[in-house]
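*Asks:* Test case, fold it:
(2 chains)
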Amino acid sequence: MKGISTVIFICSLFNYHPFFADELHIGLRLQQSWNMYNENGITLEFTPNKLLNDQLSFGATYVSSRFGSTINSNAIIQDNILLHSTYVFSSSSISPLVRLNAGYCFADYESALFDDIDASMSLLSLEAGARYAFDIPLKVQASLGYNLITSDGSSGIGTVYPLFIQCTLLWSFSL
Amino acid sequence: MKYFILIAAVFIIGCGGEPNITDSDLDGNVLFDPSLYSPEQFLISRFKPNPTEEEKQKPVIIVAHGYTATTFEWNEFKHYVDSTQADVLVSQVLLGGHGRTYQEFKNSSWRDWQTSIIDEYQLLVQAGYRNISFAGSSTGGPLIVNLFAQSFFKNSIEPKHVFLIDPIIVPSNKSLSMIGIFGPMLGYIESGEMTAEERKHWYKFRPQETLQELQDIITITRKDLESGIRFPNSTHVSIYKSLYDDVVDRVSAVMLYNGIETQKPEMKKVSLPHSGIHVITRLEGRANVTEQDRVLQKKVFDEMIQDLKSKQ
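*Replies:* Model prediction:
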């Protein structure tokens, strides 16, 4: 009971009504690390109604080199699972945005010979870019990102590079 | 976070000028690699340009050093081979642009660096040598692997064995990937702590132009490996990669092992020693060397000699 009261209290702070939650966005994310792999995947974003004027959203993303550099190649398989929060600066059709990602990366070296090499690491990155909303329920986000955590050669996954660019196509559904 | 600091430093300092080179640095106009004065002491093609029939069958190994280094990097292997009377000929090439002056280094490309390896191989083949192998440390690795990607040996003598010692495909410091963006503002990067001995044999200052060349050759090699590099039928490969090396990321070994295709799977080997030393084959001039490092170096040398002399 106490938990429910807390949720209602937090929701009321943001003028948020769970039964009238605003939008769900589903889409594709295309990502290219600077001088490293191309990783693509799917993304899901949720924009709660009237939370900071509909300008803040939360989501989850899965991108992998399986759907990019690894296709027909010996590139290392790496899967990235991210939770993220995006803030767009205005509600107009074109707007700058910033985004914070946190998650994990998992690599598959395809041989027991490399069991001594780390096959997972945490991820933390920042992005800055822009969003364009079409008249139809389609949005495009493009941004430049920076991984704050990378391997130092002795730990982590060496193919996680600092700079990346990404483009996300989102289709919106009203809930 | 360290990259943010680096970027901020670039914008604030913007040190695009020339480095402060002293006469005790290899970068200056006083110290040069000794192979430039006495090539016959380093190159088998100069030492024995007219081999006997017996000598033509002997194993010859062309050893190539890394970025900013000199022939010094392979001296210990040469001395070990000589001291053990292993009956192996070691040809120490000096990469193009290296061992000279800062300016000559700055003006060189990775293709210039590679030319010395090609020249020595061709001179050895012309002289009649038939049992030729290669060893490359750090950047020497991708420079050699690139020759296979280009099918350089297609109509020539197939190398018998290729040894890759901490070959660089992915650097430990990922800021190298951004050198194309920030390099022109930096001008050059000064190496970290170096011993007096190291300053005689390694460039202290790294022109951003050469760092971009380094980034180019490792990117080209990585992409070639992703497509698969077919090695000649008789060529064996051994990869040695220290697990705690602060210069080359260990994932480089994965990329090389998965990307090199030999005739039989057992013709390629990978070893990942629990060492923090970048290029274990060179211990001389280092500040801290343990007995464990010496044991590991000897093990690597012995394995290399054994592979060079094997009848396979």
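
*Asks:* which parts of the stretch 151-300 of chain B sit against chain A?
*Replies:* Residues of the stretch 151-300 of chain B lying close to chain A (CB under 8 Å from any CB of the partner chain) are B:170-175, B:177-178, B:215, B:219, B:225-228, B:243-255, B:257-259, B:270, B:272, B:274, B:276. For every residue, glycine as well, the C-beta is placed using N, CA and C.

*Asks:* rerun at 6 Å
*Replies:* When proximity is defined by CB under 6 Å from any CB of the partner chain, the stretch 151-300 of chain B lies next to chain A at B:170, B:172, B:174, B:177-178, B:219, B:226, B:228, B:243-246, B:249-251, B:254, B:258-259, B:270, B:272.

*Asks:* Buried members of those into ChimeraX, please.
*Replies:* Buried residues within these, by 16 or more other CB atoms under 10 Å in any protein chain shown, are selected in ChimeraX with:
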select /B:170,172,174,177,178,226,243,244,245,246,249,250,251,254,258,259,270,272
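
*Asks:* Give me the subset of the residues of the stretch 151-300 of chain B next to chain A lying in strands.
*Replies:* Applying DSSP state E to these, the entries found in strands are B:V270.

*Asks:* so of the residues of the stretch 151-300 of chain B next to chain A, which ones are in helices?
*Replies:* B:T219, B:E226, B:V251, B:V254, B:N258, B:G259 (DSSP state H).

*Asks:* Columns pLDDT on top of these, output as CSV?
*Replies:* Below are these laid out as CSV (pLDDT from 0 to 100):
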residue, pLDDT
B:T219, 98
B:E226, 98
B:V251, 97
B:V254, 98
B:N258, 97
B:G259, 97
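
*Asks:* Tell me the one of these nearest chain A?
*Replies:* B:V251 (3.1 Å; CB to the nearest CB).

*Asks:* What residues does the closest one make contact with?
*Replies:* By CB atoms under 6 Å, 6 or more residues apart in numbering or on different chains, the residues touching B:V251 are A:G158, A:T159, B:V170.

*Asks:* Is the second one located within a helix, as I assumed?
*Replies:* Right, A:T159. No - counting by DSSP: H, G, I helix; E, B strand; the rest coil, A:T159 is not found in a helix; it is coil.

*Asks:* For it, give me its contacts.
*Replies:* Residues counted as contacts of A:T159 (CB under 6 Å, 6+ apart) are A:M36, A:I76, B:V251.

*Asks:* Columns distance to B:A196 on top of the residues you listed, output as a markdown table?
*Replies:* Below are the contacts of A:T159 laid out as a markdown table (distance: CB to CB, whole Å):
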| residue | distance to B:A196 |
| --- | --- |
| A:M36 | 37 |
| A:I76 | 40 |
| B:V251 | 33 |
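
*Asks:* which one of these sits closest to B:S138?
*Replies:* B:V251 (15.1 Å; CB to CB).

*Asks:* Identify, from the contacts of B:V251, the entry nearest to B:W113.
*Replies:* Nearest to B:W113 out of these is B:V170 (CB to CB; 18.9 Å).

*Asks:* Quick one: low-confidence residue ranges for chain A.
*Replies:* For chain A, applying pLDDT under 70 flags the ranges A:1-21.

*Asks:* try it again with 90
*Replies:* Residues of chain A that meet the criterion pLDDT under 90 lie in A:1-23, A:48-55, A:91, A:173-175.

*Asks:* Okay, the residue of it found nearest chain B and B:I168: tell me how far apart.
*Replies:* Taking CB to the nearest CB, chain B has its nearest neighbour within chain A at A:G153, 2.5 Å off. Distance of A:G153 to B:I168, given as CB to CB, to the nearest Å: 10 Å.

*Asks:* When these two are compared, which one has more neighbours?
*Replies:* B:I168 (28 against 24; other CB atoms under 10 Å in any protein chain shown).

*Asks:* so what pLDDT did the closest residue to B:N233 other than its chain neighbours get?
*Replies:* Closest residue to B:N233 apart from its sequence neighbours, by CB to CB, 6 or more residues apart in numbering or on different chains: B:Q263 at 4.5 Å. Listed pLDDT for B:Q263 reads 96.
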